[in-house]
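> okay, sequence plus prediction incoming.
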Amino acid sequence: MDNSFTNPINVDELLLTKRLEPLSSEHIETLKRIESYDVTSFSETEVRTYVIDPIVRILGYDKGTIFSADLEHPLAFLGKNRFPDYQFSLWDENFWLIEAKKPRLNESEFGYDDLKQVIEYSIHPKVNAPLVVLCDGVKIEIFDREVSVDAPMLRIQRQNLIRDFDKLRAVLEPIQVWFFQKRRIVRLLDKVFDKEFNMQRVEEFSQLLQRRLQAKRNLVVENFRRNVKPDSDEQRQLAATTPVVDLVELYLFYELPIPVTNAVNQRLVELSQPNSFNVMYRMFPDGPRTANDIYMAQALTYLAALAEKRATVEWLPAWLAQGQQSQAHLEPVIQFLLGQCLSYFQDYEPYRLILLAACAVRRIAKIMAISNPAIQKLGADLHALARHTLPEISWAQIVASPEGQLIQIIDSQTMATLADFVKRNSGDNRKFLNESAKLQLKGFWDLEKRLLASVGNYAKLLQERSLGEMRMTEWSSVTYDNLGHSTLRLLHRFPKWKTYLLEQRRPLIEKMASLNSLAAKEMLGVDKQESYGLITDAELADRFFLGDIATLQALRAGYSRNS
């Protein structure tokens, strides 16, 4: 039986633990070699060299790195220096140590004298390590001295090293030790406050912790700058090698940093040489496909970039070619699609309906994410899971948040519902069923109105539960033309087409400026803060609501009411 819904997520556990990444094949081979050793005649030095040293490297420690292993670093006790075999530090702070011993083939566990020595090292003020490890080449024992020095928390036999190595990693890998220290703080907090009897003391300590953590903010920012780099370069490099299916079905649907967008565009052009059919047919199949505003704007810029490399393409769908489909010239095709993107596909109704549905479904999904407690909790749980699974030193981990998870839920629901919308309204021979699609679209709008009415003051609720989203979800295809604005924004590297619009299609840009597109105002050279022209409710309703002024006004009121 699937227990995924009967067993609730332990959020605290996920926030204080880290998932292990798979071992590399190279590391597995190293562990096999260690398992195969005959350590009968090994000295303590050989245990260190052939058993402990490679294990330490596999765990992720190396001299001179942020996760360092220091050998025989002196510790002073009443003027007498002692030399522990290994001390392990994270960001220059000691957190655990290990002592090597000569193999004891006939002893199944370490004795008092062995543990006494390493415990002595661990309590030194320069170390203060709760985790101590003993290894004699036959076995490895780990003690958490704050919990028990009577029995190890983990014992591993060398001959079972590969089988049990993840148990070792779960305690001793650098990031795992980092999270162990955080659990240690919580454990100490429980130990102290389980016996507290003064509520004011609890409140005062809570305030003290808040002050101390607040004081660490600047230090955390500095640590971030030193250790974590934004991943736009990584995304750009990944896009430069991504296959066409992922580029079209994933990348084209989302607003991305300009360098990543340019890399996607360049990659699509590369994949269109010497023959563009595979790219073109996936991007613009014979019949209408799933698409949103960003998709169409990026598809247009692909055609503009491709036209810089070649004048014709092998094939285009009939609706886009507007004439000859094979060996079609790109110039008139770009002119046509540019006009459609700036008029919300006034001349090709199937994509007009699909784009309107994409915006409506996303607005509905966001209302649900903002107002539904179950979805809010799901966002928090997924965030905890992301904390557990994402690499700790990564940009994705830095920007992870419950709000980001809710945005991903919104995106996923939108894509799934939109795919169903297109499928339901696609008839035989790839003919799109416009009237059926209109009926379903009106159903989306009716549901949207009911949801807004049930929430009450959605605008205020959105302020209180802001997702920090940059997209104008609530206004896209209500009073704001995100398709047209995105199209103009992405034309930044195509001066030829900007000139074409200004000289031959200027009314389209002016209409976009009246819809408050900052990109349009910039092209026209007008103040971005000032309104440009007037647009009537009738025009908005014709553009976004199939002429239904009442629906326009109802949704506009639902999204704007602040009192």
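Perfect, thanks for sending it. Numbering: from 1, shown residues only.
> am I right that Ile410 is in contact with Lys366?
Yes: using CB atoms under 8 Å, Ile410 is in contact with Lys366, at 5.3 Å. Heads up, the C-betas are built off the backbone N, CA and C, glycines and all.
> report the contact partners of the closest residue to Tyr458 other than its chain neighbours.
Once flanking residues are discounted, Tyr458 sits nearest to Leu452: 5.3 Å by CB to CB, 6 or more residues apart in numbering. Contact analysis of Leu452 by CB atoms under 8 Å, 6 or more residues apart in numbering lists 367, 458, 555, 558-559.
> tell me the spacing between Leu452 and Leu461.
10 Å (CB to CB, to the nearest Å).
> ok, now Trp475?
Trp475 is 16 Å from Leu461, by CB to CB.
> these two: which is more packed in?
Shown here are Trp475 and Leu461; by other CB atoms under 10 Å, Trp475 has more neighbours (19 against 14).
> check which helix or strand covers the residue lying closest to the more buried one once chain neighbours are set aside.
Leaving aside its sequence neighbours, Trp475 sits nearest to Tyr559 (CB to CB, 6+ apart; 6.9 Å). According to DSSP states H and E, Tyr559 maps onto helix 549-560.
> dump the C-alpha coordinates for that helix into PDB.
Taking C-alpha atoms only, helix 549-560 is exported to PDB below (Å, rounded to 0.1, in the frame of the first residue of the first chain):
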ATOM      1  CA  ILE A 549     -16.900  43.400 -21.300                       C
ATOM      2  CA  ALA A 550     -18.700  42.100 -18.200                       C
ATOM      3  CA  THR A 551     -16.100  39.400 -17.600                       C
ATOM      4  CA  LEU A 552     -13.300  41.900 -18.100                       C
ATOM      5  CA  GLN A 553     -14.800  44.300 -15.600                       C
ATOM      6  CA  ALA A 554     -15.600  41.500 -13.100                       C
ATOM      7  CA  LEU A 555     -12.000  40.200 -13.100                       C
ATOM      8  CA  ARG A 556     -10.400  43.600 -13.100                       C
ATOM      9  CA  ALA A 557     -12.500  44.500 -10.000                       C
ATOM     10  CA  GLY A 558     -11.600  41.200  -8.300                       C
ATOM     11  CA  TYR A 559      -7.900  41.700  -8.800                       C
ATOM     12  CA  SER A 560      -7.800  45.400  -7.900                       C
END
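> buried stuff in that helix?
For helix 549-560, a neighbour-count test (16 or more other CB atoms under 10 Å) marks 551-552, 554-556, 558-559 as buried.
> cool, and stretch 469-478?
By neighbour count on 16+ other CB under 10 Å, the buried set for stretch 469-478 is 471, 473-478.
> stretch 102-118 too?
For stretch 102-118, using 16+ other CB under 10 Å, the buried residues are 103, 110, 114-115, 117-118.
> same check on stretch 27-41?
27, 30-31, 34, 37, 39.
> cool, and stretch 367-378?
Quick answer for stretch 367-378 (16+ other CB under 10 Å): 367-371, 375-376, 378.
> give me the distance from it to the chain's centre.
Chain-centre distance of stretch 367-378: 19 Å, with CA atoms, centre = their mean, to the nearest Å.
> kindly report the same for stretch 109-124.
44 Å.
> quick one: the strands in the stretch 151-300 of the chain, in order.
154-157 (DSSP state E, counting those that start in this stretch).
> pick out the residue closest to the middle of the protein.
Centroid-nearest residue in the chain: Ala396, 5.0 Å away (criterion: CA atoms, centre = their mean).
> and the helix or strand where it lies, what does it pack onto?
Here Ala396, judged by DSSP H and E, is contained in helix 395-399. Packing partners of helix 395-399 (3 or more CB pairs under 8 Å, 6 or more residues apart in numbering; DSSP states H and E): helix 373-389.
> by contact count, what packs against the helix it packs on?
Going by 3+ CB pairs under 8 Å, 6+ apart, helix 373-389 lies up against helix 11-15, helix 349-371, helix 395-399, helix 402-424.
> can you pull the buried residues of the last one?
This means helix 402-424. For helix 402-424, burial by neighbour count (16+ other CB under 10 Å) applies to 402-407, 409-410, 413-415, 417-418, 421-422.
> longest single strand anywhere in the chain?
strand 93-100 (DSSP state E).
> before we move on, the earlier item: which residues do Ile410 and Lys366 both contact?
In contact with both Ile410 and Lys366: Thr473, using CB under 8 Å, 6+ apart.
> for Arg57, which of the helices and strands packed on helix 373-389 is the nearest?
Across the helices and strands packed on helix 373-389, Arg57 has its closest neighbour in helix 395-399 (24.1 Å, CB to CB).
> can I get the CA coordinates of the closest one in CSV?
Output of helix 395-399 as CSV, limited to C-alpha atoms (Å, rounded to 0.1, in the frame of the first residue of the first chain):
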residue,chain,number,x,y,z
TRP,A,395,22.5,28.9,-6.1
ALA,A,396,19.3,26.8,-6.1
GLN,A,397,19.7,26.2,-2.4
ILE,A,398,20.2,29.9,-1.7
VAL,A,399,17.0,30.9,-3.6
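> can you list the strands that the longest strand of the chain pairs with?
strand 86-90 (antiparallel), strand 131-135 (parallel) (DSSP bridges).
> could you find the closest non-adjacent residue to Glu469?
Take Glu469 and drop its neighbours on the chain: the residue closest to it by CB to CB, 6+ apart is Ile407, 5.9 Å away.
> so the one you found makes contact with Leu467?
Yes: using CB under 8 Å, Ile407 is in contact with Leu467, at 5.7 Å.
> which residues are in contact with stretch 188-203?
Phe205.
> change it to 10 Å
146, 204-205, 209 (CB atoms under 10 Å, 6 or more residues apart in numbering).
> what pLDDT is listed against the closest residue to Leu518 other than its chain neighbours?
Leaving aside its chain neighbours, Leu518 sits nearest to Lys528 (5.1 Å; criterion: CB to CB, 6+ apart). Lys528 is assigned 83 on the pLDDT scale.
> repeat for His73
Residue-level pLDDT assigned to His73 equals 69.
> distance of Pro507 from Glu13?
Taking CB to CB, one finds Pro507 at 60 Å from Glu13.
> what's the helix or strand hosting Pro507 in contact with?
Here Pro507 sits within helix 506-514, counting by DSSP H and E. For helix 506-514, the external contacting residues (CB under 10 Å, 6+ apart) are 338-339, 341-344, 481, 483-485, 487-488, 498, 501-502, 517-524, 526, 528, 530-536, 539, 543.
> do stretch 159-168 as well
Stretch 159-168 has contacts (CB under 10 Å, 6+ apart) with 20, 22-23, 27-32, 34-37, 51, 55, 58-59, 133, 138-140, 142, 153-158, 173, 176.
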